[in-house]
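>>> coords below, sequence missing:
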């Protein structure tokens, strides 16, 4: 089966043959994983996205038309999955910011001492966790969340790429989210 063209192989996949699907996966998984990983920087998330691409391929196999190579379809599917992942990641970051930022100031309507104590404790935990971060991550997080600088301004100030800034902020928020649980 490994000697078959993509078209011939996909015609067999369309019939529900999992072995042919496995051959297609083996043929393209590494190059797609590399493409995805370069864009998001997390191997775990990249593997999840790759899984989504191939799950979608399997689920839509009856609707997909392949001329010669399946690579253009897989590449485009991977690109859209990365975009969807980034959008979901931004939503997670925004949600977490809404949880974290009120903790740095007195929350609206905090009238009892239990709430005030909890705010102080969580603020203390947040500050300690930020202090434990690597220096670049800590700087990117503080410049973004405390000073309110844009990704571009942070990248310029720290002399790193914008993607590195995004990755560091995302990782910082992930760490804080884990601590907040």
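Received the coordinates, thanks. Not measured: the values here are computed from a predicted model.
>>> buried residues in stretch 17-26?
20-21, 23-25 (16 or more other Cβ atoms under 10 Å). C-beta here means a position set from N, CA and C on the backbone, and glycine is covered the same way.
>>> contact partners of that stretch?
When contacts are defined by Cβ atoms under 8 Å, 6 or more residues apart in numbering, stretch 17-26 is touched by residues 1-2, 4, 6, 9-10, 12-13, 54, 57-58, 70.
>>> quick check, nearest of the residues you listed to residue 173?
Within the contacts of stretch 17-26, distances to residue 173 taken as Cβ to Cβ reach their minimum at residue 54, with 28.5 Å.
>>> check the gap between that closest one and residue 176 for me.
When Cβ to Cβ, to the nearest Å is the yardstick, residue 54 and residue 176 sit 32 Å from each other.
>>> count the neighbours of the residue lying closest to residue 35 once chain neighbours are set aside for me.
When the adjacent residues along the chain are set aside, residue 35 lies closest to residue 78, with 5.9 Å between them (Cβ to Cβ, 6 or more residues apart in numbering). By the other Cβ atoms under 10 Å criterion, the neighbourhood of residue 78 contains 24 residues.
>>> now residue 123
By the criterion of other Cβ under 10 Å, residue 123 has 14 neighbours.
>>> that one and residue 155, how far apart?
Residue 123 sits 28 Å away from residue 155, taking Cβ to Cβ as the criterion.
>>> which SSE is the residue nearest to residue 35 in?
The secondary structure element spanning residue 78 is helix 71-104 (assigned by DSSP states H and E).
>>> following the helix or strand bottoming out on mean pLDDT in the chain, which helix or strand comes up?
Ranked by mean pLDDT, DSSP states H and E, the weakest helix or strand in the chain is helix 113-132, scoring a mean of 72. Tracing the chain C-terminally past helix 113-132 and defining elements by DSSP H and E, one meets helix 135-141 next.
>>> just the residues contacting that following helix, thanks.
Applying Cβ under 8 Å, 6+ apart, the set of residues contacting helix 135-141 is 130-131, 133, 154, 158, 160, 164-165, 168-169, 171-173.
>>> circling back to that earlier point, mark which of the contacts of stretch 17-26 are buried, thanks.
Of the members of those, the ones counted as buried by neighbours, 16+ other Cβ under 10 Å, are 6, 9-10, 12-13, 54, 57, 70.
>>> of those residues, which belong to helices?
Taking DSSP state H, the ones among the buried ones among the contacts of stretch 17-26 that sit in helices are 6, 9-10, 12-13, 54, 57.
>>> most widely separated two among those?
Using Cβ to Cβ, these span at most 15.6 Å, a distance reached by 12 and 54.
>>> hang on, isn't the residue nearest to residue 35 packed against residue 51?
No - Residue 78 sits out of contact with residue 51 when judged by Cβ atoms under 8 Å, with a separation of 11.2 Å.
>>> let me see the domain layout of this protein.
The record's domain parsing of the chain by automatic domain parsing lists 6-86, 105-180.
>>> right, I'll call it a day here.
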